[in-house]
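In: Sharing a model that was predicted from the sequence below.
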Amino acid sequence: MLMATEDRVREYVAYSPGTFRGELAAELRLPAPTVVSAVRRLLSAGELVETEVTRARASAGRRPRVLRVSGPATLVGLVSWDGDGLRATCVDVEGAVVATRALAAPRPHAGIDGLRAAVDQVIALARGQGQFLLRTVVMSVPGPCLSGRGVPREPALGAPTFPVTVPGDLAAILSERCGLPVAVENDANVCALGELYRGGLRRHADAVSLIVTGHGFGSALIVNGALARGAQGYAGELPHLQVDREGPLCACGGRGCLLYSVRERVVASAQAAYAEPITFGDLPRLAATGDMGAARMLQDVGRALGGPLAHLCTFLDPEVLLVGGTLGPSAEHVVAGIREVLAVQAPPAVAGNVAVVRSTLGPAAELLGAIELGRLRARR
Ligand SMILES: [Zn+2]
């Protein structure tokens, strides 16, 4: 549903306190006179307030004035997949964590009841933060998912499934129940939005954003400065590129996907060197302790991803290939493996131009991406 201009201005400012009046028209892609009238009405109704900035940017002349919403500060609720469970986090608009907790919900191969329970719990968490107002809930799903559409495929009986398996307009179903805007978005996409807003993708028009986590990896595409979602939320789903026609069945319904190939092959190769059973998620922890074997395996992850990424870079010709997620400094090993393969498998002009770098935001990218999803609602 289209939002009225005043609603869009109020929403945008709610997620962007410190906005100058003059910035709004460009940010909202609206004619300046329309925005000026809307701001004037919101100020006189007491819904927005305008204050002088404390440090004048100019040495002379009038001090600039910035807008914010009156009343409590904005809180964004994030439901994220944390290992085998769920986590609720409330963040302010600067991305600072106000409250966070693991959720009591069982691992939802999430039917609608599990997801509703998760939303209820993030709302309960926000209710304890009196000075804030929860304005939106974001579900950051480790699988293809699109607000307004849901998952791109219903699960087949007996096959592995994505964590969220609710068909239809999941965001609308959840939003109706809780009375707040709910966004449902793939986790790699949420992180890419965070990187675009405040991280390594800021001011880049074309980029590939990769996250490597304890589960495996995810990816997102930035084209012409915006997240490319595709027709049903599948754009940039590098994990589901087929690399073995006769490989194991995957949650996407395909076989031999890159996700499983990378994760399982790496763990199988590494296992012989360790007395205890290890998982993919153990590798960054081991690498961080100086374990050369784990570092080498992470470099192999980068090499395994490098071939498909070389093709992707040849198609997209990105300026940046950013590696984020939960690896921390160990991501450097993955970056090294990707660079090595890109240098020989992508055309020199492409490989020589793309900067393969590690995210400086790390897991915080997901929090900032959740805020950016709130801002994007106003921009539409
Ligand atoms: Zn797949």
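Out: Alright, I've got the coordinates.
In: and stretch 229-246, which residues are buried?
Out: 229, 233-241, 243 (16 or more other C-beta atoms under 10 Å). Quick note: C-beta positions are derived from backbone N, CA and C, even for glycine.
In: and that stretch, how far from the chain's centre?
Out: 17 Å (C-alpha atoms, centre = their mean, to the nearest Å).
In: Gly324 in helix, strand or coil?
Out: The three-state assignment at Gly324 reads strand, by DSSP: H, G, I helix; E, B strand; the rest coil.
In: who are the neighbours in contact with the closest residue to it other than its chain neighbours?
Out: Nearest non-adjacent residue to Gly324, counting by C-beta to C-beta, 6 or more residues apart in numbering: Ser359, 3.2 Å away. Contact partners of Ser359, counting by C-beta atoms under 8 Å, 6 or more residues apart in numbering, are 195, 199-200, 322-325, 331, 365.
In: which among those gets closest to the ion?
Out: Using C-beta to the ion, Gly325 comes nearest to the ion of the contacts of Ser359, at 18.5 Å.
In: circling back to that earlier point, which one of the contacts of Ser359 has the most neighbours?
Out: Of all the contacts of Ser359, the highest neighbour tally under other C-beta atoms under 10 Å goes to Ala365, namely 32 neighbours.
In: Excluding sequence neighbours, find me the nearest residue to that one.
Out: Nearest to Ala365 is Gly194, by C-beta to C-beta, 6+ apart, at 3.7 Å.
In: buried residues in the strand or helix carrying the one you found?
Out: Applying DSSP states H and E as the criterion places Gly194 in helix 187-198. Within helix 187-198, the residues scored as buried using 16+ other C-beta under 10 Å are 187-198.
In: Distance to Arg255 and pLDDT for these - can I get that in a markdown table?
Out: Below are these laid out as a markdown table (distance: C-beta to C-beta, whole Å; pLDDT from 0 to 100):
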| residue | distance to Arg255 | pLDDT |
| --- | --- | --- |
| Asp187 | 23 | 93 |
| Ala188 | 22 | 95 |
| Asn189 | 25 | 95 |
| Val190 | 28 | 96 |
| Cys191 | 27 | 97 |
| Ala192 | 27 | 97 |
| Leu193 | 31 | 96 |
| Gly194 | 32 | 97 |
| Glu195 | 31 | 97 |
| Leu196 | 33 | 95 |
| Tyr197 | 36 | 93 |
| Arg198 | 39 | 92 |
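In: which one of the residues you listed sits closest to Val97?
Out: Comparing the buried residues of helix 187-198 against Val97 with C-beta to C-beta places Gly194 closest, at 13.6 Å.
In: For the chain, which segments are assigned as strands?
Out: 19-20, 48-52, 65-69, 73-82, 85-92, 97-102, 132-141, 182-186, 207-212, 217-223, 226-228, 320-325, 355-358 (DSSP state E).
In: re earlier: for the buried residues of stretch 229-246, give me a markdown table that also has pLDDT and distance to the ion.
Out: Supplementary listing: those in a markdown table, determined by pLDDT from 0 to 100; distance: C-beta to the ion, whole Å:
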| residue | pLDDT | distance to the ion |
| --- | --- | --- |
| Arg229 | 89 | 18 |
| Gly233 | 82 | 14 |
| Tyr234 | 86 | 10 |
| Ala235 | 90 | 15 |
| Gly236 | 90 | 13 |
| Glu237 | 91 | 8 |
| Leu238 | 94 | 10 |
| Pro239 | 93 | 6 |
| His240 | 92 | 3 |
| Leu241 | 94 | 8 |
| Val243 | 92 | 10 |
